[in-house]
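J.: got a sequence here, can you model it:
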Amino acid sequence: MSNIQTGRKTNYRWVICAMLFFATTVNYLDRQVLSLTFEDFIRPEFHWTDSDYGNITGIFSLFYAIAMLLAGRFVDWLDTKKGYMWSIGIWSFGACIHAVCGILTSSIVGIEDLAAVAVAETAARIALLSSTFFIIARCILALGEAGNFPAAIKATAEYFPKRDRAFATSIFNAGSTIGALIAPFCIPPLAAKWGWEAAFIIIGGIGFIWMGFWQFIYKKPENNPAVNKAELDYILSDDVVESAKPVVEEAPAKKISLLKCFTFRQTWAFIVGKFMTDGVWWFFLFWMPSYLKTTFGLSSTDPKFQWMLGILYLIVMISIAGGYLPTLFVDKKKMNPYAGRMLAMLIFAFFPLVALAAQPLAHVWEWWPVILIGIAGAGHQSWSANLFSTIGDMFPKSTIATITGIGGMAGGIGSFLIQKGAGALFDFSASSGLELFGYIGKEAGYMIMFSFCAVAYLVGWIIMKVLVPRYKAVEI
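T.: The predicted model follows:
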């Protein structure tokens, strides 16, 4: 007999979690194509500087920030299933159209072999035109990708009770790490064999396949025939429901206006947590391939380069356990979920401090930066999983995607400042011969960036704690 008939608890919530994991994996694969083709394929063809690349990644982050503010509201309005479908459809289209940027640039300047141009004025025009087209494509990508986390967090809140949400979030959030781990092994070989354009098209097309599965798999738990009463009771175990009543909402959920969301200290705590730390993860994601090229002279098609990035993100994978830590605090120490999460986040805020040693140890052994940045990245992902889950602790389900979007906007703005600043810093340090702490040129620039990344989490945690010193749910 089936679980539905016998009353044995089904586990369909983990099927949903797996779908969220795969979507997030695809999300980060699409995001990584540019960083893994930049140094060896795109920079030489379009004559880009670090500032050009910083502008593209920075504007992507800024547009992502604006889109996040709207995406959360959009997902709350359309609801989880349709919101996610629109989101991944738009970002997959945006990923694919990167492939036409070179064609458009060539047609406007009237030169087929852009990489062979030696005239500085023409090269500058090619860089400007091509980077503009890439920015447009990145903005479309950002518009769609902005919906991923609001929709995923909303789906997690619908399918998991509070005590399990951080763990479920850490699992689907690990898709970002898996995507980043897989990327160096598949994207550079694709670009080398069929051209960088093919890498964007092939990786971007995966999202359309995911959409077909999502259409048939996702339903609200109370309307899903694959979820039996035992599992539904577990999912809704945070709610006080009389056993004689059907497990459905008796009245439409109350909404909080967008402006009113900014009146809560809880919202500002989430904003600070995202603003201070999202850009750190994106800096590692966008600039580590360039760092390996600059510091060790490794090409993206070099197996050593691929394994170094692969090992880095394999280390980040230990963050899956990070979402389980507050569950131990809740079950063993009897802490409320918010207090357990804040304690866990404090612990994880110390992990990125190891990035302070990444540049000093780079010339002792080239694997040290890989290991240390991997540990810092694991700290970020564990921090992030718990940070996302604080929304479900303090806000009603009807507003979760909106608050997620607001925080995402703050994270995007922080990332814009870091990406834009990093590009300008690296160009300046290389041209001026900047000397700092015994490092010269771009190495001095990386020392500055790694130092900021190391302390950002502790600063963010302290401000969050001041804003919301103890658990307090938002009442509407």
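J.: list the contacts of the residue nearest the centre of the chain.
T.: Residue closest to the mean C-alpha point of the chain, counted by CA atoms, centre = their mean, is Ser176 at 6.1 Å. The neighbours of Ser176, taking CB atoms under 8 Å, 6 or more residues apart in numbering as the test, are 24-25, 27-28, 381. C-beta: built from backbone N, CA, C; applies to glycine.
J.: please repeat the previous calculation with a cut-off of 7 Å.
T.: The neighbours of Ser176, taking CB atoms under 7 Å, 6 or more residues apart in numbering as the test, are 24, 28.
J.: what mean pLDDT would you report for the one helix or strand it maps to?
T.: Assigned by DSSP states H and E, Ser176 belongs to helix 162-194. What helix 162-194 shows for mean pLDDT is 87.
J.: got the buried residues for that helix?
T.: Of the residues in helix 162-194, those with enough neighbours to count as buried (16 or more other CB atoms under 10 Å) are 162-184, 186-188, 190-192.
J.: shaky segments in this structure?
T.: Filtered on pLDDT under 70, the chain yields the residue ranges 1-7, 239-255, 323, 476.
J.: so Tyr64 makes contact with Ala146?
T.: Yes. Applying CB atoms under 7 Å, one finds Tyr64 in contact with Ala146, separated by 5.5 Å.
J.: what residues of stretch 193-206 count as buried?
T.: Burial within stretch 193-206, assessed by neighbour count using 16+ other CB under 10 Å, is assigned to 196-197, 199-204, 206.
J.: I meant stretch 126-144, not that one.
T.: Taking 16+ other CB under 10 Å as the basis for neighbour counts, the residues of stretch 126-144 that come out buried are 126-127, 129-131, 133-144.
J.: tell me who's in contact with Pro289.
T.: Under the criterion of CB under 7 Å, 6+ apart, the neighbours of Pro289 are 35-36, 38-39, 300, 309.
J.: and the strands in the stretch 301-450 of the chain?
T.: Secondary structure of the stretch 301-450 of the chain by DSSP state E, counting those that start in this stretch: the strands cover 435-436, 439-440.
J.: now those as a markdown table including distance to Ile403 and mean neighbour count?
T.: Below are the strands of the stretch 301-450 of the chain laid out as a markdown table (distance: least, CB to CB, whole Å; neighbours: other CB atoms under 10 Å):
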| stretch | distance to Ile403 | mean neighbour count |
| --- | --- | --- |
| strand 435-436 | 39 | 13 |
| strand 439-440 | 41 | 16 |
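J.: can you show me the helices along the stretch 251-400 of the chain?
T.: 258-261, 265-296, 303-316, 325-332, 337-349, 367-394, 400-432 (DSSP state H, counting those that start in this stretch).
J.: right, and the ones you listed - which one's nearest Arg13?
T.: The minimum distance between Arg13 and these falls on helix 367-394, with 14.3 Å, by CB to CB.
J.: tell me the buried residues in that closest one?
T.: Of the residues in helix 367-394, those scored as buried under the neighbour-count criterion (16+ other CB under 10 Å) are 368-394.
J.: what does stretch 338-354 give?
T.: With burial defined by 16+ other CB under 10 Å, the residues of stretch 338-354 counted as buried are 338-346, 348-349, 351-354.
J.: helix or strand for Val474, which one?
T.: With DSSP H and E as criterion, Val474 is part of no helix or strand.
J.: isn't it up against Thr267?
T.: No. Val474 sits out of contact with Thr267 when judged by CB under 7 Å, with a separation of 8.3 Å.
J.: re the thing from before, ok, which of the strands of the stretch 301-450 of the chain comes nearest Arg470?
T.: Distance to Arg470, taken as CB to CB, is lowest for strand 435-436 among those, at 41.2 Å.
J.: give me the contacts around that closest one.
T.: Surrounding strand 435-436, the residues in contact under the criterion CB under 7 Å, 6+ apart are 444, 447-448.
J.: among these, who's most crowded?
T.: Each of the contacts of strand 435-436 was scored for neighbours by other CB atoms under 10 Å, and Ala444 scores highest at 22 neighbours.
J.: how near is the nearest residue to that one once chain neighbours are set aside to Ala401?
T.: The shortest distance from Ala444 to any non-neighbouring residue, by CB to CB, 6 or more residues apart in numbering, is to Leu436 (4.1 Å). Distance, Leu436 to Ala401, by CB to CB, to the nearest Å: 43 Å.
J.: what of Arg31?
T.: To Ala401, Arg31 is 21 Å away according to CB to CB.
J.: so which of those two has more stuff around it?
T.: For the pair Arg31 and Ala401, the greater number of neighbours falls to Ala401 (31 against 26), based on other CB under 10 Å.
J.: the spatially closest residue to Thr122 that is not a sequence neighbour: what's it in contact with?
T.: Of all residues beyond its chain neighbours, the one nearest Thr122 is Val109 (7.1 Å), with distances taken as CB to CB, 6+ apart. Applying CB under 7 Å, 6+ apart, we find Val109 in contact with 125-126, 129.
J.: how about a markdown table for those residues, with distance to Thr327 and secondary structure added?
T.: Below are the contacts of Val109 laid out as a markdown table (distance: CB to CB, whole Å; DSSP: H, G, I helix; E, B strand; the rest coil):
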| residue | distance to Thr327 | secondary structure |
| --- | --- | --- |
| Arg125 | 56 | helix |
| Ile126 | 53 | helix |
| Leu129 | 52 | helix |
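J.: which among the contacts of Pro289 gets closest to Ile440?
T.: Using CB to CB, Glu39 is the member of these that sits closest to Ile440, with 20.7 Å.
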